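The following comprises the amino acid sequence and a computationally predicted model.
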Amino acid sequence: QVQLVESGGGLVQAGGSLRLSCAASGRTFTMYAMGWFRQAPGKEREFVAAIKWSGASTFYADSVKGRFTISRDKAENTVYLQMDSLRPEDTAGYYCASKTTYGSGFPGRLDEYAYWGQGTQVTVSS
């Protein structure tokens with residue numbers, strides 16, 4: 001089992017920045033990659049960004065490329081999501097997730113992530 005705890009959400013004006021953190025504990029040696037997903041009210045959960053735990057290859061949804069940066073600190077078992085140039089449409093609950101295998105190779109497949117955090121709310125005002 002891997003436990004994930006997100007933090008860092010909040011209210012910010014459009015154009016502002018936030019940094020989300022996700023601390024992992026438990027069987028962290030099983031982690032292959034970690035990802036961030038988000039879900040706005042009335043919408044499906046969608047992929048935001050992912051990072052391989054070793055090697056640190058990164059992947060982004062087109063909607064956040066150039067504005068968001070995912071990184072990880074292996075020593076602290078923590079993954080971060082730096083969000084800059086925030087827009088009202090970025091408003092959502094943000095969830096951290098971990099996958100233990102390569103799977104399909106597509107980092108955005110929700111069903112390939114075995115462990116999920118409880119989420120942290122990000123609200124961007126216009």
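Arrived safely.

you'd agree Cys22 is up against Gly117?
Yes - between Cys22 and Gly117 there is a contact under C-beta atoms under 8 Å: 6.0 Å. Where you see a C-beta, it was placed from the backbone N, CA and C, and this is true even at glycine.

what sits in contact with each of those two?
Leu4, Val5, Glu6, Cys96 (C-beta atoms under 8 Å, 6 or more residues apart in numbering).

hey, what's the closest residue to the second one other than its chain neighbours bridged with?
In other words, Val5. Spatial nearest neighbour of Val5, excluding adjacent residues (C-beta to C-beta, 6 or more residues apart in numbering): Ala23 at 5.0 Å. Judged by DSSP bridges, the bridge partners of Ala23 are Val5, Thr78.

and Ala23, what does it touch?
Leu4, Val5, Ser7, Glu76, Asn77, Thr78.

got a list of contacts for stretch 82-90?
12, 14-20, 38, 63-64, 67-71, 122, 124-126.

quick one: low-confidence parts of the protein?
Of all residues in the chain, none has pLDDT under 70.

And the strands in it, which stretches?
Along the chain, counting by DSSP state E, strands occupy 2-7, 10-13, 18-26, 33-39, 46-52, 58-60, 68-73, 78-83, 92-99, 115-116, 120-125.

What are the buried residues along the third one?
It stands for strand 18-26. Leu18, Leu20, Ser21, Cys22, Ala23, Ala24 (16 or more other C-beta atoms under 10 Å).

doesn't Thr78 make contact with the third one?
Yes - under the criterion of C-beta under 8 Å, Ser21 lies in contact with Thr78, with a separation of 5.8 Å.

which one of the buried residues of strand 18-26 is nearest Glu46?
Glu46 lies nearest to Leu20 out of the buried residues of strand 18-26, by C-beta to C-beta, at 15.4 Å.

ok, the closest one - contacts?
Contacts of Leu20 by C-beta under 8 Å, 6+ apart are Glu6, Ser7, Gly8, Gly9, Trp36, Tyr80, Leu81, Met83, Tyr94, Cys96, Thr120, Val122.

And Thr28, by the same measure?
Thr28 touches Val2, Asn77, counting by C-beta under 8 Å, 6+ apart.

Enumerate the beta-bridge partners assigned to the most centrally placed residue in the chain.
Centroid-nearest residue in the chain, with C-alpha atoms, centre = their mean: Trp36, separated by 1.8 Å. Following DSSP bridges, Trp36 is listed with bridge partners Ala49, Cys96.

I'm done for today, thanks for sticking with me.
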